[in-house]
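J.: task: produce atomic coordinates for the following.
(chains A and B, ligands or ions: 4)
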Amino acid sequence: MKLSEIPAEEYLLEGNSACHGCGSSMALRTVLKALGKRTVLVVPASCTSVYQGMYPGSAIAVPVVNSAFACSSAVASGLKASLEHQGIDANVVVWAGDGGTYDIGLQALSGAAERNEDILYICYNNEMYSNTGIQRSSATPFGAWTTTTVSGKKEHRKDVAELMMAHGIPYVATASAGYLDDLYRKVRKAKRIEGFRYIEILTPCPPGWRYSMERTVEVAKLAVETGMWILYEYEHGVLRLTGVSRAIAAGKKKMKDVQEYLLLQGRFSHLSSAEIQEIRKYIAERWKKFADVRGGEHAVAAEFFV
Amino acid sequence: MRGLDEESIEELRWEIRLHGRGGQGVVTASKILAESAFAERYHAQSIPFFGAERRGSPVMAFTRISEHEIRERSQIYTPDCVLILDPLVMRVLDVFNGLKDGGGVVISTSSRISDEILPDISLTLVVVDGVGIALKKDLLVAGNPVVNIPVIGAFLRVFPHIGIETVEKVISEKFKRNSKRSVKALYSAYESAEVLKIRGKKRAEKVYSKKPGKIWIPASKPVVGVAGKTGYWRDFRPVINYSRCTNCLNCWIHCPEGSIRRENGEVVIDYDYCKGCLVCLSVCPRRAISSEREVFA
Ligand SMILES: Cc1ncc(C[n+]2csc(CCOP(=O)(O)OP(=O)(O)O)c2C)c(N)n1
Ligand code: SF4
Ligand code: SF4
Ligand code: SF4
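T.: Residues are numbered from 1 along each chain as shown, chains lettered A, B, ... in the order given. Ligands and ions are numbered 1, 2, ... in the order given. Coordinates of the predicted model:
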C-alpha cells in the first residue's frame, strides 16, 4: 500500500513525554490512524499511561480510560457492553505493554478472549517493564539484560500470541514497529472483524534495549529479518505468514544471522558465543514450527501447539 | 479557612494538600496528620501521589479529615489548606490551585513571602523556618534536613482540632526510639511559626461545593504539548534538503512524535516539538535529511 493512503490526521499529539525514538509511541501513532476517531482506548499502567500526559491534558485525541494493571480486558469488556447498550458504535481497544499483557493482565485477557468479547486487544511488546526502569517480564527474551536479570535472562520468553491462537479467537496478528504499513493494514482488518481480536507489536525501546535512539526502525526490522520476530496473521483457523517472514519462508529472502540483531543492542552485549548459539537454536526450532508452512499458508494442525 | 478561625462551620470537613519533593517526607506528614485526626476521633484519609517516579521530583499527598465517613477516593482539587514543604516546588507547580477563599497556607521557608506569589484571596499564612529547625534539632535523613515535622507543628498553630500532644503520641509510636528529636522539632515549630492574616483584593470565585458521597471524575482534554515544548529536548536538529526529497513519506510515518507534517505536497518538520531522535534521518531512502548540532540561545 502507498503511505499517502494513510490518513494525515494525528491522534497521538506532539509534545508528549515519550523518550526520543520510542517504538511504542511510533506504533501507537499508526494504530490510532488506522482506528480513527470513533475509538475508546483502555490503557493500563505502562509507559503509555505516563507519556499520554498528566491531568488536565492528554496527548491522545480519543477518549482513554486508564485502568488498573490487572483488569484492562475486563474494563474494555464492560465498556463495550455499555456502549452497545446505549446504541453507540465504537471501537473499544486495549493498548497495553507486555508486562500488562504477559504477566499482570493475563487472567483478564484470557477470560475476555474465551468469552469472545467484541474488543481489540493490542499488546505493544518492548520485552520488559520499561516505565518502572527496565525489569524482566515473561516476554523478555533469553539472554537479555534487565535490572532484574543482570547477567542475562536464563529462560526463553513465553508467547502470548500463540496462546491467543489456542483460544480460538477470530483474529490474531503480530506486527513490528519496523513495518508500519503492515501494522496499519492489520489494524484496519482487525477493526472490521467481530469478536475478540489480538495484535502484538514488537516495539523497540532505546533506553531499555540500549541502542542509539535513531535506530528504532532498523532494530525492529532486523528482529524480523533474523527470525527473532515472526510476522503472521491467524484468521478463522488459518495461519499465514506476512511480509518479510513470508518471503523468508518462501525462500525468496535469506534469513540474516541473529548476531547482527544482537550486536546492535547493549542488553545483549555480555552474551557468550554459547549463549548466542542457544538463541540460534531457539530461532531454528520456533521457525520450523511456523515455516513448515511452506509458502506461508496452512491450516493450523492440532500438533502445532505441542 | 473553615474551622481554622472557627467561623462559619457548616460541616466539619477539611481537605489538606501537601506539596514537596521526593525524599522530604511529604507522604509521611500526610499519614501523621491522618493518624492524629483519627486519634482525635475523626474520620481520616491519607493518599500519596507520585508522578513518573523520579527522585527529587514534585510529590503530593492528600489528607482528608471529617466528622462523617469519607467516601471519596480522589485527589484533592479544592483544598482548605496547602502545606508546602519546599518553596521551590512553587516554581514548577501551581501549588495554590483550587485553594478555597479563606483557606490556609503553611510554607517552610527562611525568607519573606512576598504577596505576589500568593493567590489573590483571603487566607491565613503560616511561615516556619523548617530547614533551620531541622538543622538545629539535628533532624536529618541521609544528610538532608527533614522539614515535614516542623511543617506539621506550624500547621497545628492554626488547626485547633488536633492537639499537639496527640501528634506527639503518634510520632513517638511511629519513630519509636528516634522520635525525641522529632518531638522537639514539632514543639519548636509550633512556637516559632509566624501566623499572618491576608485579605485578598478579589474574592475567589465560588468553588464548586462537594457533598460527601458525590464523586467527580476528572477527565483530561487532548492538547498539543502536554509535556511542554519538547523541541527543547533536542541535541541534534534534523534538516530536510528539499532538492533531494521525493516526498516518499517514510520520515512522516516513522516520526514517533508526529512532528513531521504533510503540507502542500511537502514534508515539514515542526521544530517546536521535534525531539531530535533522528529516526527520520535514518529511514530516509534518499539521504535527504541531515543533522545539525542544536544551539539554543
Ligand atoms: C498493580 C500495580 N503494580 C505495579 C505498578 C507499577 N507499574 C506501573 S507501570 C509498570 C510497568 C509496566 O510494564 P509494561 O506493561 O511492560 O509497559 P511498559 O512500561 O513497558 O510500557 C509498573 C510495574 C502499578 N501501577 N500497578
Ligand atoms: S522507556 Fe521505552 S517504551 Fe517507555 S517511553 Fe521510553 S522508549 Fe518508550
Ligand atoms: S528527529 Fe525524530 S522527532 Fe524530529 S522529526 Fe525526525 S523523527 Fe520526528
Ligand atoms: S524520507 Fe526523505 S525523501 Fe522521503 S519524504 Fe522524508 S525527507 Fe523526503
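J.: can you give me the strands in the chain?
T.: No chain was given, so I picked chain A. Under the criterion DSSP state E, chain A carries strands at the ranges A:39-44, A:57-58, A:64-67, A:91-97, A:120-125, A:171-176, A:197-202, A:232-235, A:238-241, A:297-299.
J.: ah, I was thinking of chain B
T.: Across chain B, reading from the start of the chain, the strands by DSSP E fall at B:13-21, B:43-50, B:58-66, B:81-84, B:103-108, B:123-128, B:140-141, B:144-145, B:194-198, B:221-222, B:236-240, B:260-263, B:266-269, B:289-293.
J.: same list, those strands, but as a markdown table with mean pLDDT, distance to chain A and mean neighbour count please.
T.: For the C-beta atoms, the positions are set from N, CA and C on the backbone; glycine is no exception. Shown next, in a markdown table, are the strands of chain B (pLDDT from 0 to 100; distance: least, CB to the nearest CB, whole Å; neighbours: other CB atoms under 10 Å in any protein chain shown):
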| stretch | mean pLDDT | distance to chain A | mean neighbour count |
| --- | --- | --- | --- |
| strand B:13-21 | 93 | 14 | 24 |
| strand B:43-50 | 92 | 10 | 18 |
| strand B:58-66 | 93 | 11 | 23 |
| strand B:81-84 | 96 | 18 | 26 |
| strand B:103-108 | 95 | 21 | 26 |
| strand B:123-128 | 94 | 24 | 23 |
| strand B:140-141 | 78 | 23 | 12 |
| strand B:144-145 | 79 | 22 | 16 |
| strand B:194-198 | 91 | 28 | 12 |
| strand B:221-222 | 95 | 4 | 14 |
| strand B:236-240 | 95 | 9 | 19 |
| strand B:260-263 | 96 | 5 | 15 |
| strand B:266-269 | 97 | 11 | 17 |
| strand B:289-293 | 94 | 9 | 14 |
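J.: make JSON lines out of these and add distance to ligand 3.
T.: As requested, the strands of chain B are arranged in JSON lines below (distance: least, CB to the nearest ligand atom, whole Å):
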{"stretch": "strand B:13-21", "distance to ligand 3": "30"}
{"stretch": "strand B:43-50", "distance to ligand 3": "28"}
{"stretch": "strand B:58-66", "distance to ligand 3": "27"}
{"stretch": "strand B:81-84", "distance to ligand 3": "36"}
{"stretch": "strand B:103-108", "distance to ligand 3": "40"}
{"stretch": "strand B:123-128", "distance to ligand 3": "44"}
{"stretch": "strand B:140-141", "distance to ligand 3": "41"}
{"stretch": "strand B:144-145", "distance to ligand 3": "37"}
{"stretch": "strand B:194-198", "distance to ligand 3": "46"}
{"stretch": "strand B:221-222", "distance to ligand 3": "19"}
{"stretch": "strand B:236-240", "distance to ligand 3": "4"}
{"stretch": "strand B:260-263", "distance to ligand 3": "5"}
{"stretch": "strand B:266-269", "distance to ligand 3": "5"}
{"stretch": "strand B:289-293", "distance to ligand 3": "7"}
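J.: hang on, the earlier thing: any idea which of the strands of chain A gets closest to residue A:15?
T.: Set against residue A:15 and scored by CB to CB, the strands of chain A come closest in strand A:57-58, at 9.2 Å.
J.: ok, that closest one: who's next to it in the sheet?
T.: Sheet pairing of strand A:57-58 (DSSP bridges) gives strand B:221-222 (parallel).
J.: which intervals of the chain have sub-threshold pLDDT?
T.: Assuming you mean chain A. The model of chain A has pLDDT under 70 over residues A:291-306.
J.: try again with chain B
T.: Flagging of chain B using pLDDT under 70 yields the residue ranges B:1-11, B:51-56, B:142, B:201-216, B:296-297.
J.: show me what the nearest residue to residue A:172 once chain neighbours are set aside bridges to in the sheet.
T.: Beyond its immediate neighbours in the sequence, the residue positioned closest to residue A:172 (CB to CB, 6 or more residues apart in numbering or on different chains) is residue A:234, lying 4.1 Å away. Note on residue A:234: beta-bridge partners residue A:172, residue A:239, judged by DSSP bridges.
J.: want to try JSON lines for the strands of chain B, with distance to residue A:73 as columns?
T.: Output for these, formatted as JSON lines (distance: least, CB to CB, whole Å):
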{"stretch": "strand B:13-21", "distance to residue A:73": "35"}
{"stretch": "strand B:43-50", "distance to residue A:73": "26"}
{"stretch": "strand B:58-66", "distance to residue A:73": "30"}
{"stretch": "strand B:81-84", "distance to residue A:73": "39"}
{"stretch": "strand B:103-108", "distance to residue A:73": "43"}
{"stretch": "strand B:123-128", "distance to residue A:73": "47"}
{"stretch": "strand B:140-141", "distance to residue A:73": "42"}
{"stretch": "strand B:144-145", "distance to residue A:73": "43"}
{"stretch": "strand B:194-198", "distance to residue A:73": "52"}
{"stretch": "strand B:221-222", "distance to residue A:73": "25"}
{"stretch": "strand B:236-240", "distance to residue A:73": "39"}
{"stretch": "strand B:260-263", "distance to residue A:73": "34"}
{"stretch": "strand B:266-269", "distance to residue A:73": "38"}
{"stretch": "strand B:289-293", "distance to residue A:73": "41"}
